[in-house]
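> Model the structure of this input:
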Amino acid sequence: MRIMGGERVEEAVASCTGLLRTATDLDWEGVKAGRLEWSCRRTAEHIASDLLAYAGQLAGRPQDAYVPFDLTLDEGTGHAGVLDVIETTGALLAAAVRTTPREVRAFHPYPFRSVNREGFAAMGVAEVLLHTHDIAEGLGLAYEPPADLCEDVLNRIFPQVRPGPDAWPTLLWATGRGDLPGRAPVTEWRWHNTPVVPAERLTLEGVTPAAARDLSLGGDGGFAWIEGGPFQGTREAAGMVTAAYEDGAYRPEWGLYVLVRKEDGRAVGGMGFHGAPDGEGRAEVGYDLAPAARGHGYATEALRALAARALAREDVHTLLAVVDGDNLASHGVVARAGFRRTGAAGEDGTQVAYELRG
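Reported below is the predicted structural model:
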């Protein structure tokens, strides 16, 4: 599985500056950047400013707001100098991504108010690719970044977007910069970083479509697992995420979470939903643990945290769980988490249904 790391930031910056250095003799000030109201020059400065801001967030690690600083270029800086600054701020973000522990999260307002290093890398790459496109369009240049870089951005921060036949046109469409056959034009958009749910000894980390695919194919999904993990149920749930993503039906907060132990950063199991809530506000939850992690109360702790988060929403009224009749440990988990037994389930009646109401 490809990791959204510092090298991806550097690759994006190289694709930007490699093109724009061929056009430093053109008028960047008097030409708008594509569909933006900004000039090409202002847009180039914005790229540098965003790269620096993301590096600053990872370095300072604020939890409630952006670090309050901005980037100002020296008076008289030419277009080539702006590209020097883009390369420098890109190097700063790449270094911050490489040196930040994977469990660290810093503030970003949308949609879950915190982002990890891969999220900041992906947002930085997206800013570079998209605004280089805007500038190139304004200056009359042809620009097409590496396809796998575009695919990684879509997987990481546009999980709600159904993949198209080509990643770059899909990313342009998803951000209101182009059209795709059979899809309505996009007029408003946001990227989606992965959600996290804190618990006492665990952190429930949302799984991206790329990580889910890797898990479903037998990989580790980018997580450091304890012995015996991930268990089969987690791999099957990852396959459900992959299928939902390919259908355009995946919603990050209603997907799979990996349970990561705070004390050592090891993944111990998986937990998540079978899909978004139905029209009556009901959602079904499932989970499993690696054998070595069982018997420590991890599943109960995680289920309580995930259930509390879900039922705090106005569109969710009931959580459902179905447990095999002979799985006594799992019956104990749902009972301790507050679920109420409602009856038999399954075609042969060998399973037991539970529910928890908000």
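> which helices and strands does the lengthiest helix in the chain pack with?
Secondary structure assigned by DSSP state H gives helix 117-139 as the longest helix of the chain. Contacts defined by 3 or more C-beta pairs under 8 Å, 6 or more residues apart in numbering; DSSP states H and E place helix 117-139 against helix 6-20, helix 40-60, helix 79-99, helix 147-157, helix 167-174. For every residue, glycine as well, the C-beta is placed using N, CA and C.
> Quick one: closest of those helices to Pro209.
Closest approach to Pro209 among the helices and strands packed on helix 117-139 (C-beta to C-beta): helix 147-157, 4.9 Å.
> what is the mean pLDDT for the closest one?
Averaging pLDDT along helix 147-157 gives 97.
> tilt between that helix and helix 167-174?
40 degrees (axes from the mean of the first three to the mean of the last three C-alpha atoms, to 10 degrees).
> oh, and call the first residue 4 from now on, that's how I've got it
Okay, residue one is now 4; in that scheme the one you just asked about reads as helix 150-160.
> Let me see the contact set for Arg24.
83, 86 (C-beta atoms under 8 Å, 6 or more residues apart in numbering).
> ok, now how distant is it from Thr80?
Using C-beta to C-beta, to the nearest Å, one gets 15 Å for the distance from Arg24 to Thr80.
> Kindly report the same for Ala308.
49 Å.
> out of the helices and strands packed on helix 120-142, which comes closest to Phe115?
Per C-beta to C-beta, nearest to Phe115 of those: helix 150-160, 11.7 Å.
> In the closest one, which residues are buried?
152-160 (16 or more other C-beta atoms under 10 Å).
> Looking at these, spot the one nearest Arg116.
Ile160 (14.9 Å).
> What mean pLDDT does the longest helix of the chain get?
Mean predicted confidence for helix 120-142 is 98.
> And stretch 89-107, by the same measure?
Averaged over stretch 89-107, pLDDT sits at 97.
> what about it, distance to the chain center?
Here the centre of stretch 89-107 is set off from its chain's centre by 17 Å, with C-alpha atoms, centre = their mean, to the nearest Å.
> again, but for stretch 154-163
7 Å.
> Stretch 145-165 now?
12 Å.
> and what of stretch 133-150?
Per C-alpha atoms, centre = their mean, the displacement of stretch 133-150 from the mean C-alpha position of its chain is 24 Å.
> ok so, going back, looking at the helices and strands packed on helix 120-142, spot the one closest to Glu32.
Closest among the helices and strands packed on helix 120-142, using C-beta to C-beta: helix 43-63, at 4.9 Å.
> returning to what we had before: and Ala308 and Thr80? which has more neighbours close in?
Using other C-beta atoms under 10 Å as the criterion, Ala308 and Thr80 rank with Ala308 on top: 21 against 14.
> The more buried one reaches Leu207, doesn't it?
Yes - using C-beta atoms under 8 Å, Ala308 makes contact with Leu207 at a distance of 6.5 Å.
> Give me the common contacts of these two.
Between them, Ala308 and Leu207 share the contacting residues 200-201, judged by C-beta under 8 Å, 6+ apart.
> What residues does the residue nearest to Ser52 when sequence neighbours are not counted make contact with?
Closest residue to Ser52 apart from its sequence neighbours, by C-beta to C-beta, 6 or more residues apart in numbering: Leu74 at 4.4 Å. With C-beta under 8 Å, 6+ apart as the criterion, the residues that contact Leu74 are 48, 51-52, 55-56, 88, 92.
> so which of those residues comes closest to Gly298?
Using C-beta to C-beta, the contacts of Leu74 come closest to Gly298 at Ala56, 45.0 Å.
> My guess is the closest one contacts Tyr69. True?
Yes - between Ala56 and Tyr69 there is a contact at 6.8 Å, judged by C-beta under 8 Å.
> between these two, who's got more neighbours?
Relative neighbour count places Ala56 above the other of Ala56 and Tyr69, with 21 against 15, counting by other C-beta under 10 Å.
> still on that earlier bit, secondary structure element holding the residue nearest to Ser52?
In the assignment (DSSP states H and E), Leu74 maps to no helix and no strand.
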